[in-house]
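>>> Have a look; sequence and predicted model below, questions after that.
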Amino acid sequence: MKHLSIPAPRLASIAVARELLWYVQRNGDDPEALVRRAGLSHPAKALLDPLWTGQLSRLEFSALYAEAVWVLDAHAARQEGRPPLTKPEFDLFCQCLISCRTLRDVIGRATTFEAMLNPRMGMLELVQDGDVAEFRMATFRTIRNISSYVSDLTGLSTHHRLFSWLIGEDIRLLAVGFRYSPLVSRECAARLMLHPVIHNAAENMFRFPAHFLERPVMRTSAELERLLERFPFDLEQILSKEAPLSERVRVVLHSALAAGQTLPTGAAIARQFHLSTATLKRRLAEEGLTLLDIKNACRGDLARALLDDGGLTVGDIAQRVGFSDSATFSRAFRQWTGHSPGAWRGRTRMVPDISIQH
């Protein structure tokens, strides 16, 4: 049986909590009532104050995030004239997947289940092209605003984390596409989806190596009951101990880059995983990697996503991925991909959508 590595409780982002509460308040809902339902000891007035110096724990943030998403999803549903998804319906959806044999079976059953709840849940589709799989979550929303943005990005992230938990491995994402323009802050988007997001994509989707589709489901109904106590809103709940250390380091670095933060040092990463710096280097070396290798891979992932997104200049992208000037970034990008940034951007615009193979 696989085991989970549950990160130690740590302080959560007040800025993201404040942003979510502000969206709730802007829609005409009562943030004070939301905070009481979340069981927080801090009043909403304090949390909404940019000068407030208090903190939220990981679990406090997850409780606030849960309440905010249900409120925002209900608001988006009212705009569309349909009933919102409920927690019992979501839990039943998860319970229907636990008896599947492989991840491919999971996605097939999820597609059938969500079709029955249409339009309260999106229409799912699995597309495979050789060794790349693409999971699509088509939205039926005709009004795309902040409420529906938060709800849909939470849904896309939830499917990725649920699929990873079911097979006991962190499914490595190759790309994440989102139909919306960037309506929330960079920090908020990075908190909800720990991978660079390509906005204004043709569909809500994520791509991953297709070999994960044949991974067996490793979880039991009893484990699922425990998971659903806080899932999907405890965003740090799921990390498989059996995932390579390099993959877990990659998640940390992707999160920092997506949030526009400076990449953490080796010493900071080692502390996060309760390792010495020497042990971190040694264990990465056993996987044939260095921390610099992983940092460059993450920079490359974000650079390709931002070039595909098309909203930033090459100079802006160079700064986002930690380079002081465009020339240095261009040389590094050519080493990573064999293309200049300009050639890559032109190339991706010419690449058609991957074909469906049933």
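Perfect, I can see it now. Numbers count the residues shown, from 1 in each chain.
>>> Can you give the domain ranges for the chain?
Domain ranges of the chain: 14-243, 244-358, per automatic domain parsing.
>>> Please work out which of those domains is packed deepest.
domain 14-243 (a mean of 18; mean count of other C-beta atoms under 10 Å). Every residue, glycine included, has its C-beta placed from N, CA and C.
>>> Show me what the one helix or strand Ala15 maps to is packed against.
Secondary structure assignment for Ala15, by DSSP states H and E: helix 14-26. Using 3 or more C-beta pairs under 8 Å, 6 or more residues apart in numbering; DSSP states H and E, the elements in contact with helix 14-26 are helix 31-37, helix 44-47, helix 58-80, helix 146-167, helix 186-192.
>>> Now do the first one: distance to the chain's middle.
With C-alpha atoms, centre = their mean, to the nearest Å as the basis, helix 31-37 stands 26 Å off its chain's centre.
>>> Show me what it is packed up against.
Packed against helix 31-37, as judged by 3+ C-beta pairs under 8 Å, 6+ apart, are the following elements: helix 14-26, helix 44-47, helix 58-80.
>>> Pipe the helices and strands packed on helix 14-26 into JSON lines and attach distance to Pro88 per row.
Below are these laid out as JSON lines (distance: least, C-beta to C-beta, whole Å):
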{"stretch": "helix 31-37", "distance to Pro88": "17"}
{"stretch": "helix 44-47", "distance to Pro88": "27"}
{"stretch": "helix 58-80", "distance to Pro88": "12"}
{"stretch": "helix 146-167", "distance to Pro88": "16"}
{"stretch": "helix 186-192", "distance to Pro88": "23"}
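>>> Out of those, name the one with the poorest average pLDDT.
Ranked by mean pLDDT, these bottom out at helix 186-192, with a mean of 86.
>>> Quick one: list the elements packing against that helix.
Here helix 186-192 touches helix 14-26, helix 146-167, helix 245-258, going by 3+ C-beta pairs under 8 Å, 6+ apart.
>>> Need those helices in JSON lines (columns: distance to Gly310).
Formatted as JSON lines, these follow (distance: least, C-beta to C-beta, whole Å):
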{"stretch": "helix 14-26", "distance to Gly310": "25"}
{"stretch": "helix 146-167", "distance to Gly310": "19"}
{"stretch": "helix 245-258", "distance to Gly310": "17"}
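>>> right, and Val150 touches Leu20 too?
Yes: counting by C-beta atoms under 8 Å, Val150 touches Leu20, with 7.3 Å between them.
>>> Which neighbours do the two have in common?
Common neighbours of Val150 and Leu20, counting by C-beta atoms under 8 Å, 6 or more residues apart in numbering, are 68, 72.
>>> Strands of the chain, residue ranges please.
All strands of the chain, identified by DSSP state E, fall at 123-129, 132-138, 175-177, 197-198, 205-209.
>>> TSV please, covering those and showing distance to Gly266 and mean pLDDT.
Shown next, in TSV, are these (distance: least, C-beta to C-beta, whole Å; pLDDT from 0 to 100):
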stretch	distance to Gly266	mean pLDDT
strand 123-129	37	92
strand 132-138	31	93
strand 175-177	27	92
strand 197-198	27	89
strand 205-209	27	95
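>>> my read: Tyr23 touches Tyr65, true?
No: using C-beta under 8 Å, Tyr23 is not in contact with Tyr65, being 11.6 Å away.
>>> So for Asn27, what's the nearest residue that isn't a sequence neighbour?
Of all residues beyond its chain neighbours, the one nearest Asn27 is His75 (4.9 Å), with distances taken as C-beta to C-beta, 6 or more residues apart in numbering.
>>> What of Ala15?
Closest residue to Ala15 apart from its sequence neighbours, by C-beta to C-beta, 6+ apart: Glu187 at 5.8 Å.
>>> How about Glu287?
Going by C-beta to C-beta, 6+ apart, Glu287 has Ser246 as its nearest residue, at 5.1 Å.
>>> do the same with Asp301
Closest to Asp301 by C-beta to C-beta, 6+ apart is Pro196, at 6.2 Å.
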